[in-house]
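Participant: Below are the sequence and a predicted model; questions follow.
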Amino acid sequence: PGMGDPDLLAAIAAKMERLSGQSWSPDELVITSGGSGALFASIAAWVNPGDTVLIPEPTFSQYADITRFLGAEPIFVTQREDFHLDLDALRAAAEQHKPKMIVICSPNNPTGVIYSRAELEGLAKVAAEYDMLVLADEAYDHLIHDGHEFVSSIDIPELADRLLYANTFSKTYAMTGWRLGWVAAKGDKINYIGRVARMTGGGVNWALQRAGIAA
């Protein structure tokens, strides 16, 4: 099946429900060729030439690379001195550039900062105000130092209708190089992402998907 091994999709959906307390269906997921495939499919499914994408920086370089590859323009927004989101700056950039999407990374690569619930709720308000999709890359969600609380984007109800959630097996399960990732999204959004993932990746190695179930 082009969206992924049904057993792996079910296992991931169950894990996301355990972590968030929110309901997730295997039909709201697609397996991708690594975390990079998840990012590419999520952006390419929605961003067209001439569009703009907000990218709080510093952050992972691939978001801007993919955006430029698609003929769109990355709009970099400097974060606060403590590397947390500057919501006022994001709102001003959204007002000026009318972006299709904003891409966040939490825990952040390279800073390690974890965005708080209040930040994510504030981001949800900005995204709703300017009708932006929110791509959340949470590859490092299990690598949290003691004494710090991680809040996932899937824990924020106000984000649900516009959230594209990307993750990978590479970090949590030490499967770097196995090229196994996934995207989750509510409604019909996942179908468009899945179409891009299938057409660009040709489907994900079935044996590795079975290994993902074991992980």
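Facilitator: Yes, it's here. Just so it is clear, the model here is predicted, and its values are computed rather than measured.
Participant: Distance-wise, check residue 6 relative to residue 13.
Facilitator: 10 Å (CB to CB, to the nearest Å). Using the backbone N, CA and C atoms, a C-beta is placed for each residue, glycine as well.
Participant: Which one's more surrounded, the two?
Facilitator: residue 13 (19 against 12; other CB atoms under 10 Å).
Participant: Pretty sure that one sits against residue 22.
Facilitator: No. Look at residue 13 against residue 22 with CB atoms under 8 Å: they stay out of range, at 10.5 Å.
Participant: Need the mean per-residue confidence for stretch 33-44.
Facilitator: In this model, stretch 33-44 has a mean pLDDT of 97.
Participant: how many neighbours does residue 109 have?
Facilitator: Neighbours of residue 109 using other CB under 10 Å come to 17.
Participant: list the contacts for the nearest residue to it once chain neighbours are set aside?
Facilitator: Using CB to CB, 6 or more residues apart in numbering and skipping the chain neighbours, the partner closest in space to residue 109 is residue 60 (4.7 Å). By CB atoms under 8 Å, 6 or more residues apart in numbering, residue 60 lies in contact with 105, 109-110, 137.
Participant: for residue 180, same thing?
Facilitator: Counted by CB under 8 Å, 6+ apart, residue 180 has contacts 31, 33-34, 168-170, 204, 208-209, 211-212.
Participant: among the contacts of residue 60, who's most crowded?
Facilitator: residue 137 (28 neighbours).
Participant: is it true that that one touches residue 43?
Facilitator: No. Contact status for residue 137 versus residue 43: not in contact, 10.7 Å apart, counting by CB under 8 Å.
Participant: Among the contacts of residue 60, which lie within strands?
Facilitator: Judged by DSSP state E, strands contain the following of the contacts of residue 60: 105, 137.
Participant: for this structure, which helix is longest?
Facilitator: Criterion DSSP state H: the longest helix present in the chain is helix 6-20.
Participant: so residue 215 makes contact with residue 171?
Facilitator: No. Look at residue 215 against residue 171 with CB under 8 Å: they stay out of range, at 11.6 Å.
Participant: Comparing these two, which shows the higher neighbour count?
Facilitator: Comparing residue 215 with residue 171 by other CB under 10 Å, the one with more neighbours is residue 171, at 18 against 13.
Participant: could you list every residue that touches the more buried one?
Facilitator: Contacts of residue 171 by CB under 8 Å, 6+ apart are 139-140, 142-143.
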